[in-house]
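**Q** My questions are about this predicted structure, shown below with the sequence.
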Amino acid sequence: MSELKGFNQFFRLDGKVAIVTGGSRGLGLHCATGFLLAGAKLVIVTARKAGGPQGIDQAVEKLNALPNIVGKAVGIPANVAETEDIERLVQSTQDIIAKVCGPNKGLDILVANAGATWGGPFEPTPDWSSKKVLDLNVRGVFNLARLYTPLLTKYATQEDPSRIIVMSSVAGSNVPHVGDNGTIMYSASKAAAHHLARNLAMELGRRHVTTNTIAPGFFPSKLANGLIDILGGQEELDRQNPRGRLGVPEDVAGLAVFLCSPAGSYINGEDIALDGGARLSNGRHFKL
Ligand SMILES: NC(=O)c1ccc[n+]([C@@H]2O[C@H](COP(=O)([O-])OP(=O)(O)OC[C@H]3O[C@@H](n4cnc5c(N)ncnc54)[C@H](OP(=O)(O)O)[C@@H]3O)[C@@H](O)[C@H]2O)c1
């Protein structure tokens, strides 16, 4: 028999404080939901829009209505492609943590999830689209990690490290779409995000912060639905996937909770594909 210390807490996040960028909908909201259900004390969600059916306010209301949670969700609007906005977000994060958790608490989890894509034919690509994608998916992630480091390292220890998750994409390691609906700069930005996370793993590991990349395949969402339709619709993509389906909220919430829980504390600098194996089948899953 082995003595596994604290096994009943292996997959729990009791008492933890997290921020999820792009937490108002889609994958970010799935992660925020998982964190609260796993016992987190405070989950801050951020996105640009506060009001409306896609805004942070409605997300926070839904999160705080989750059954049997002990923690709470708070929203802060910010554009995380803008450095000044990130600086303001970090200050507001610090203030909210002090208010909810008292003065001796830092940030345990940063999920850099907000991302942008753009698709279209190669040669006429407008330059603004490349700037938008790179500013949010690469420069924004770099600045989030850099500017949140003081809060992430404040109370982190070797036994209980803080965590950064970079929400990248399988598009960061394969070449998913060229041609009329090509996503070349998106794919390049996600490759950069993967490598940024590996660099952060080295930069911050000794300071008791782990950094890992989640690389999803298709999950129905506002960002992905247009491309899912262009590729033949969800049923067709379900059929092509080795698991017979696209990603569901539980898939990404489960992985994010695991990476941030005690069970994930020795994983650092990994890219974890979350696509049911689709990346291996070259887009088609044939059985001969
Ligand atoms: N869904 C997929 O199939 C898939 C696959 C691979 C990778 N991903 C990655 O997963 C991440 C989340 O995608 P998703 O599918 O969940 O997208 P989504 O449903 O469109 O959600 C995107 C979120 O990011 C926020 N956001 C966008 N630009 C922002 C900015 N400049 N500053 C702050 N927040 C911003 C949005 O809110 P506002 O618009 O209000 O700002 C929203 O909360 C992205 O990084 C994406 O590349 C998704």
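**A** Noted; the coordinates are in hand.
**Q** Scan the chain for its longest helix.
**A** The single longest helix within the chain, with elements called by DSSP state H, is helix 184-205.
**Q** Which positions in it come out as buried?
**A** Using 16 or more other Cβ atoms under 10 Å as the test for burial, helix 184-205 gives 184-194, 196-198, 200-201, 204. Quick note: C-beta positions are derived from backbone N, CA and C, even for glycine.
**Q** same question, stretch 77-84
**A** Neighbour counts over stretch 77-84 (16+ other Cβ under 10 Å) mark 77-83 as buried.
**Q** now those residues as JSON lines including distance to residue 40 and secondary structure?
**A** Shown next, in JSON lines, are the buried residues of stretch 77-84 (distance: Cβ to Cβ, whole Å; DSSP: H, G, I helix; E, B strand; the rest coil):
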{"residue": "77", "distance to residue 40": "21", "secondary structure": "strand"}
{"residue": "78", "distance to residue 40": "20", "secondary structure": "coil"}
{"residue": "79", "distance to residue 40": "25", "secondary structure": "coil"}
{"residue": "80", "distance to residue 40": "20", "secondary structure": "coil"}
{"residue": "81", "distance to residue 40": "26", "secondary structure": "coil"}
{"residue": "82", "distance to residue 40": "27", "secondary structure": "coil"}
{"residue": "83", "distance to residue 40": "27", "secondary structure": "helix"}
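**Q** Out of those, which are close to the ligand?
**A** Contacts with the ligand within the buried residues of stretch 77-84, counted by Cβ under 6 Å from any ligand atom: 79-81.
**Q** which of the residues you listed lies closest to residue 146?
**A** Lowest distance from residue 146 to these (Cβ to Cβ) belongs to residue 80, with 12.2 Å.
**Q** Could you confirm whether stretch 21-28 reaches the ligand?
**A** Yes: using Cβ under 6 Å from any ligand atom, stretch 21-28 comes into contact with the ligand via 21-22, 24-28.
**Q** and for stretch 134-148, what are the contacting residues?
**A** The contact list for stretch 134-148 (Cβ atoms under 8 Å, 6 or more residues apart in numbering) reads 19, 21, 80-81, 83, 86-87, 90, 93, 107, 110, 112, 114-116, 164, 166, 185-186, 189-190, 192-193, 196, 200, 204, 211.
**Q** repeat for stretch 94-106
**A** So stretch 94-106 is in contact with 17, 41-42, 44, 72, 74, 76, 107, 151-156, 162, going by Cβ under 8 Å, 6+ apart.
**Q** Narrow those residues to those in strands?
**A** Of the positions in the contacts of stretch 94-106, 17, 42, 44, 72, 74, 76, 162 sit in strands, assigned by DSSP state E.
**Q** Excluding residues flanking it in the chain, which one is nearest the first one?
**A** Spatial nearest neighbour of residue 17, excluding adjacent residues (Cβ to Cβ, 6 or more residues apart in numbering): residue 42 at 4.6 Å.
**Q** Thanks a lot, see you next time.
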